[in-house]
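K.L.:
sequence plus the predicted model coming up.
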Amino acid sequence: MKAQACTPCAVAEAAEALEAGRLVAFPTETVYGLGADAENPDAVAKIYAAKGRPQNHPVIVHVAPEADIRHWVSAVPPEAERLIAAFWPGPLTLILKRAVHIPDAVSGGQDTIGIRCPSHPVAQDLLRAFKGGKGGVAAPSANKFGHVSPTMAEHVLEEFEQETRPGGLIAAVLDGGQSEVGIESTILDLSRLTTHGPVLLRPGHISATQIEAVLGVLPASPDAAAPRASGTLDAHYAPSTPVVQVPSEILDQVVIRLQQKGKKLALMSYQAHPAIHASDWRHLPAEPAGYAHDLYAGLRELDHAHADAILVEALPQEKDWQGVNDRLRRAAFDSHGVLEQLLKDD
Ligand code: TXA
Ligand code: MG
C-alpha cells in the first residue's frame, strides 16, 4: 500500500472504511493514529490485533470539534469545560467517567474514557465525514505496542508492512505530512476530581503550567490508584537499538572512548560538539517544541544505522522539557547497564 494524499475523495473513502468496521491510519498534530469505530467492539479489537497490544489497555476516542462529548461521558465537570474551551481542538486528552453504553473494548474495562479533539485538519475532515461527525474514532498511536510512535505516514507503512498489504487489517493510511507536535497528547485525569483533583497521567505539549493557568491548581503526579495508561509504562516508545542518555559534560569523552574501542554509535544531540565526529548523528533544536517535533523521526532514522547504541545528549531538566524528557526516559528504560558494558568490552 502507498499512503494516500488527503483528497476529499480519499477522506470520504477512509470514513466509509471506518463505518464498515475497518482500520484507517490518519495524521494528527501529535502523532499518527490507528483508528476504528469506537462504538464497534469488533473494529476496536482489530486495533489490538494489529498493534499486538494487551486487551486491557484503553484507547483514546477522537471526536470532531462540533461533537457533543455528553454522548461519551456520564458528566462534564466545569474543569473539563474550561480546559476544552482553552485547548481543544488540540493535544490534550481528558479522562472522564464514561457513559454507560460505551463498549468495554474502548475503556479497557475501566469506568472511564479518554477523549480528545485533534486540531490536525485531516483528522478533523475524517471525523466530520465519519458518521456525519457524530461518531468517535478510537485511535492509539499507529505503531506496534511499545515502539516509537509514527510522526509521518511512511513510519506507519514501515510499522505495519503486513497489515497494509491488500486484504490486510488496515484499509488506508492517510498522509497528512509530518505531525506538528511530534509527541503524544498530554493526558489529564479528571475522573476523580473530588478525591484527587486533576492528575497528569502523561506530560505533553500542553504543559502542567498551562493547565494550572486555566484551573488554578497544578495537576498532581499519578498516584498508585490512578487509571492505567500504556503510554505511562516504564518501557515504551523504544527503538530496537538501545537508547542511552549521556550528560552533556561527558558526551565527548564517552563517544571518543567508545569509538576507540571500535563501537558503532548513533548520536542525538541539541548542542554543538566540535570535538566529536560521527556519521549517524541527528542534531535536534535546542528548544522543547522543536525537539519534540523531530524526536521520533530522529530515533527511527538512527535505529536504521544498526549501531551498538543510540547516545542521546541528556536534556535540561526544566519544566518545559518535561514531555520530551518523559519519552526519552521510557525509550531508554531497558538500556540500564548498556553504556557500562560497552565501555568494559574489549
Ligand atoms: O496524541 C495522542 O494521544 C495519540 C494520537 C493518535 O491521538 N494517541 C495515543 O494513543 O498516544 P495511545 O493509545 O498510544 O496512548 C493513549 C494513552 C494510553 O496510555 C492509554 O492507556 C491512555 O491513553 N488512556 C486512554 N483511555 C484511558 C482511560 N480511560 N483511562 C486511563 N488512561 C487512558
Ligand atoms: Mg502509543
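P.N.:
Perfect, I can see it now. Ligands and ions are numbered 1, 2, ... in the order given.
K.L.:
from here on, just use CA atoms for contacts and neighbour counts.
P.N.:
Noted.
K.L.:
from V324, how far off is A171?
P.N.:
Using Cα to Cα, to the nearest Å, A171 is found at 32 Å from V324.
K.L.:
of the two, who's got more company?
P.N.:
Using other Cα atoms under 10 Å as the criterion, A171 and V324 rank with V324 on top: 23 against 20.
K.L.:
distance between the helix or strand harbouring the more buried one and the chain's centre?
P.N.:
Counting by DSSP states H and E, the element that carries V324 is helix 322-331. Put simply, helix 322-331 sits 11 Å off its chain's centre (Cα atoms, centre = their mean, to the nearest Å).
K.L.:
same deal with stretch 279-299?
P.N.:
Chain-centre distance of stretch 279-299: 16 Å, with Cα atoms, centre = their mean.
K.L.:
what average pLDDT does that stretch get?
P.N.:
Averaged over stretch 279-299, pLDDT sits at 97.
K.L.:
buried residues in that stretch?
P.N.:
280-282, 284-285, 288-289, 291-299 (16 or more other Cα atoms under 10 Å).
K.L.:
could you do stretch 307-317 as well?
P.N.:
Neighbour-count burial for stretch 307-317 [16+ other Cα under 10 Å]: 307-315.
K.L.:
among those residues, which are in reach of ligand 1?
P.N.:
Here nothing survives when the buried residues of stretch 307-317 are matched to ligand 1 using Cα under 6 Å from any ligand atom.
K.L.:
list the ones among the residues you listed that fall in strands.
P.N.:
309-313 (DSSP state E).
K.L.:
and this protein, what are its domains?
P.N.:
Domain segmentation of the chain under automatic domain parsing yields 4-215, 243-344.
K.L.:
is the first one in proximity to ligand 1?
P.N.:
Yes: Domain 4-215 comes into contact with ligand 1 when judged by Cα under 6 Å from any ligand atom, the residues involved being 30-33, 57-60, 95, 107, 112-114, 139-141, 184-185.
K.L.:
okay, how far is it across that domain, tip to tip?
P.N.:
40 Å.
K.L.:
roughly how far is that domain from the heart of the chain?
P.N.:
Distance of domain 4-215 from the chain centroid (Cα atoms, centre = their mean) equals 10 Å.
K.L.:
pLDDT of that domain, averaged?
P.N.:
Averaged across domain 4-215, pLDDT comes to 95.
K.L.:
buried residues in stretch 248-262, which are they?
P.N.:
248, 251-252, 254-256, 258.
K.L.:
mind listing the strands for the stretch 1-150 of the chain?
P.N.:
4-5, 23-26, 33-37, 60-62, 92-97, 112-116, 137-138 (DSSP state E, counting those that start in this stretch).
K.L.:
may I see the ones you listed arranged in CSV, with mean neighbour count as well?
P.N.:
Formatted as CSV, these follow (neighbours: other Cα atoms under 10 Å):
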stretch, mean neighbour count
strand 4-5, 16
strand 23-26, 29
strand 33-37, 28
strand 60-62, 26
strand 92-97, 25
strand 112-116, 27
strand 137-138, 30
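K.L.:
which among those is found nearest to P222?
P.N.:
strand 92-97 (12.8 Å; Cα to Cα).
K.L.:
report the inter-axis angle for that closest one versus strand 112-116.
P.N.:
150 degrees (axes from the mean of the first three to the mean of the last three Cα atoms, to 10 degrees).
K.L.:
tell me what strand 92-97 is packed against?
P.N.:
Under the contact definition 3 or more Cα pairs under 8 Å, 6 or more residues apart in numbering; DSSP states H and E, strand 92-97 sits against strand 112-116, strand 186-189.
K.L.:
need the CA coordinates for that strand. CSV is fine.
P.N.:
Coordinates of each C-alpha in strand 92-97 appear next as CSV, following Å, rounded to 0.1, in the frame of the first residue of the first chain:
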residue,chain,number,x,y,z
LEU,A,92,-5.0,17.4,25.3
THR,A,93,-6.7,14.1,26.3
LEU,A,94,-9.2,14.2,29.1
ILE,A,95,-10.0,11.2,31.2
LEU,A,96,-13.7,11.3,32.4
LYS,A,97,-16.3,8.9,33.7
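K.L.:
just checking: what are the partner strands of it?
P.N.:
strand 112-116 (antiparallel), strand 186-189 (parallel) (DSSP bridges).
K.L.:
what comes into contact with it?
P.N.:
For strand 92-97, contacts defined as Cα atoms under 8 Å, 6 or more residues apart in numbering pick out 60, 73-76, 80, 111-117, 185-191, 206.
K.L.:
in the stretch 1-150 of the chain, which spans are helices?
P.N.:
8-19, 41-51, 78-87, 104-107, 121-129 (DSSP state H, counting those that start in this stretch).
K.L.:
and the nearest residue to G168 once chain neighbours are set aside, how close does it get to A153?
P.N.:
Closest residue to G168 apart from its sequence neighbours, by Cα to Cα, 6 or more residues apart in numbering: Q162 at 6.8 Å. Distance from Q162 to A153, counting by Cα to Cα: 15 Å.
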